[in-house]
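Enquirer: Using only what follows, build the 3D model:
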Amino acid sequence: AARHDSIFGGSPCHAAMASWQIHSCSFSGGWGILTLWPAVGGQPHTKSAFKVAVRLPRERHVFWSLAEGPLRQHTPPSLNLTSEAPGSGLTTLPMVVFGLASAMRRTAAYGRGSSGGGGRNNLKARLARAAQVAGKVGGSGEVGPLEPLACDTFNMGAEEMCERLVQMSDVLNVHETLGVDASMVRRFIDEIRARMPQNPYHNFRHIYDVCQCLFTLLSASNLLDPESASAGGALVLTRLEVAALWCAALCHDLKHPGHSTRLEEALQGAFYSKYASRPKEGAGRFSLEVQHAHLARCLLKDLGLLQALDESDVLRFELILEQVILATDVTKQGEIRQRAEPTIAQLRSCELGDAGDAAGKVDPLVARVQMLQCLMKCADLANSVRPDACAATWEDAVFQEFHREGATVLERRLEDNLPATLDPERRAEASVGFFEYILMPTFKLLYSFLEALPYSRLDTVAACLSLFDVRHAVARARAD
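Expert: Presented below is the predicted three-dimensional model:
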């Protein structure tokens, strides 16, 4: 690639491309499908393999020359690109390669803590434990940063999902923290399962998908290791906060109607009617998330899950529960980021104070709650970190809900022009926007939070960002 500056425009992707090896390539419908993996220390890192789709131009031939003969798994050939007219018709190829370059830069820059015997062994143990509980147990090979997330959440039944949620709850010490019997947590999960509608996307499988991702982020990022986290002082998540976060994840879409807040309000649906009929608990507009939080508090109260806590702990638990669930409102994306960025800047400069500190220093409780919100927002996007086939199935499900809502909007004449997300003709455009405005900024914000904590690990979130770099490039190529 470095020999063809006319194609790649002298971009800095050359060195990154040279660090990748080709495992296989195939051609289908005008697309070249490459399976690549990075070479680390001269050895292929198979756990970080990517599949990349390159759109082949119709008006010019692109020849794929395999310099070392037939493709072999253990001796991958190098890749050379030539063209009858270099630079013409290759508008999408540099974009895809730039995604690879970005991924390689993240691999190098985000590897904080990846060296050193003790830290690396602890990370391996945490990843292996997370993978085991998630139902993705590898063989004798090394467990990579994305391995615990590489589970097909469509390949298990509802009962198995419930069992694994119970296991994860046990690892997080939820029942011990709340002072209740473990059977009550199982009943809590069963009630959530029973109350989730059979929507294409917002269903009980989505609840499991989100919780499994959250569990992985907590464990792999070292947020559950009290010994390693001791250096964090007031920034360490308490057991009550972790339990509240976990219950929020389980309930964050409770009884979801399968469409947006805007449509629910326009239709005067059941969610909106119940919200309008009960006393308001504070100022603010209606949203599905407000109702999810209300239903979560009611369910916890009905089951008596908080009855063993003292009054102050109940208030703190419910505050965190509500703030975390409300953070999943996609319309609050910019607001949450604007509030978190000054906190992260203060954390980096170690400007911590007490609650109500007038010196402009951040309140540790505020910092922890904002980090919990960010963790939840990332977990709510869990479908995007799954293996290709699983992620594609989730994408189809969410667009099925979007397009069903679009049909309702047109049928009821609620809007004249559909936004990209609801218009079946603009799905590719909507996918690109999702990467650029929702997915990547959310995970980058979490990375910034973790980077500011002295005890955190960045490997898994960094690997997610690397994956998004490549998938975003592919989505852009398809949209073009």
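Enquirer: hey, let's count contacts and neighbours off CA atoms from now on
Expert: OK.
Enquirer: and the helix or strand hosting residue 216, what other elements does it pack with?
Expert: Per DSSP states H and E, residue 216 falls inside helix 204-220. If you count contacts as 3 or more Cα pairs under 8 Å, 6 or more residues apart in numbering; DSSP states H and E, helix 204-220 packs onto helix 117-134, helix 158-171, helix 239-251, helix 364-379, helix 459-479.
Enquirer: Please produce a markdown table containing the ones you listed, extended by distance to residue 428, mean pLDDT and mean neighbour count.
Expert: A markdown table is the format used below for the helices and strands packed on helix 204-220 (distance: least, Cα to Cα, whole Å; pLDDT from 0 to 100; neighbours: other Cα atoms under 10 Å):
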| stretch | distance to residue 428 | mean pLDDT | mean neighbour count |
| --- | --- | --- | --- |
| helix 117-134 | 31 | 52 | 18 |
| helix 158-171 | 31 | 95 | 18 |
| helix 239-251 | 29 | 97 | 24 |
| helix 364-379 | 22 | 95 | 23 |
| helix 459-479 | 5 | 90 | 22 |
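Enquirer: Residue 192 is nearest to which of those helices?
Expert: The minimum distance between residue 192 and the helices and strands packed on helix 204-220 falls on helix 239-251, with 7.0 Å, by Cα to Cα.
Enquirer: The closest one packs against which elements?
Expert: For helix 239-251, the packing partners by 3+ Cα pairs under 8 Å, 6+ apart come out as helix 174-178, helix 182-195, helix 204-220, helix 288-303, helix 311-326, helix 364-379.
Enquirer: deepest of the ones you listed, which one?
Expert: Comparing the helices and strands packed on helix 239-251 on average neighbours per residue, with mean count of other Cα atoms under 10 Å, the densest one is helix 204-220 at a mean of 24.
Enquirer: Quick one: residues in contact with that helix.
Expert: 123, 126-127, 130, 134, 145, 148-149, 153-154, 158, 161, 165, 168, 192-193, 196-198, 224-225, 246, 249-251, 253, 375-376, 378-383, 457, 459-461 (Cα atoms under 8 Å, 6 or more residues apart in numbering).
Enquirer: That helix to helix 182-195, inter-axis angle?
Expert: Interaxial angle, helix 204-220 versus helix 182-195 (axes from the mean of the first three to the mean of the last three Cα atoms, to 10 degrees): 140 degrees.
Enquirer: Using CSV, write down the CA coordinates of helix 204-220.
Expert: The C-alpha coordinates for helix 204-220 follow below in CSV (Å, rounded to 0.1, in the frame of the first residue of the first chain):
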residue,chain,number,x,y,z
PHE,A,204,-35.9,-9.7,27.5
ARG,A,205,-33.0,-10.7,25.2
HIS,A,206,-32.0,-7.1,25.0
ILE,A,207,-32.1,-6.9,28.8
TYR,A,208,-29.7,-9.8,29.0
ASP,A,209,-27.5,-8.4,26.2
VAL,A,210,-27.2,-5.1,28.1
CYS,A,211,-26.5,-6.7,31.5
GLN,A,212,-23.9,-9.1,30.1
CYS,A,213,-22.0,-6.1,28.5
LEU,A,214,-22.3,-4.1,31.7
PHE,A,215,-20.9,-7.0,33.7
THR,A,216,-18.0,-7.3,31.3
LEU,A,217,-17.2,-3.6,31.4
LEU,A,218,-17.2,-3.6,35.2
SER,A,219,-15.0,-6.6,35.6
ALA,A,220,-12.6,-6.1,32.7
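Enquirer: would you turn the helices and strands packed on helix 239-251 into TSV with distance to residue 336?
Expert: Shown next, in TSV, are the helices and strands packed on helix 239-251 (distance: least, Cα to Cα, whole Å):
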stretch	distance to residue 336
helix 174-178	27
helix 182-195	27
helix 204-220	18
helix 288-303	15
helix 311-326	10
helix 364-379	8
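Enquirer: who wins for proximity to residue 425 among those helices?
Expert: With Cα to Cα, the closest approach to residue 425 among the helices and strands packed on helix 239-251 belongs to helix 204-220: 25.5 Å.
Enquirer: what is the mean pLDDT for that closest one?
Expert: In this model, helix 204-220 has an average pLDDT of 96.
Enquirer: go on, stretch 328-335?
Expert: 93.
Enquirer: mind saving the C-alpha coords of the helix ranked longest in the chain as PDB?
Expert: Criterion DSSP state H: the longest helix present in the chain is helix 388-411. Output in PDB follows, covering the C-alpha atoms of helix 388-411 (Å, rounded to 0.1, in the frame of the first residue of the first chain):
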ATOM      1  CA  ASP A 388     -20.600  -9.900  13.100                       C
ATOM      2  CA  ALA A 389     -23.500 -12.200  12.600                       C
ATOM      3  CA  CYS A 390     -25.000 -11.500  16.100                       C
ATOM      4  CA  ALA A 391     -24.500  -7.700  15.600                       C
ATOM      5  CA  ALA A 392     -26.200  -7.900  12.200                       C
ATOM      6  CA  THR A 393     -29.200  -9.700  13.700                       C
ATOM      7  CA  TRP A 394     -29.500  -7.000  16.400                       C
ATOM      8  CA  GLU A 395     -29.300  -4.300  13.800                       C
ATOM      9  CA  ASP A 396     -32.100  -5.900  11.800                       C
ATOM     10  CA  ALA A 397     -34.200  -6.000  15.000                       C
ATOM     11  CA  VAL A 398     -33.700  -2.400  15.900                       C
ATOM     12  CA  PHE A 399     -34.500  -1.200  12.300                       C
ATOM     13  CA  GLN A 400     -37.600  -3.400  12.300                       C
ATOM     14  CA  GLU A 401     -38.900  -1.400  15.200                       C
ATOM     15  CA  PHE A 402     -37.800   1.900  13.600                       C
ATOM     16  CA  HIS A 403     -39.500   1.100  10.300                       C
ATOM     17  CA  ARG A 404     -42.600  -0.100  12.000                       C
ATOM     18  CA  GLU A 405     -42.800   3.200  13.800                       C
ATOM     19  CA  GLY A 406     -42.200   5.000  10.500                       C
ATOM     20  CA  ALA A 407     -45.200   3.200   9.000                       C
ATOM     21  CA  THR A 408     -47.300   4.200  12.000                       C
ATOM     22  CA  VAL A 409     -46.200   7.900  11.700                       C
ATOM     23  CA  LEU A 410     -47.100   8.000   8.000                       C
ATOM     24  CA  GLU A 411     -50.400   6.100   8.500                       C
END
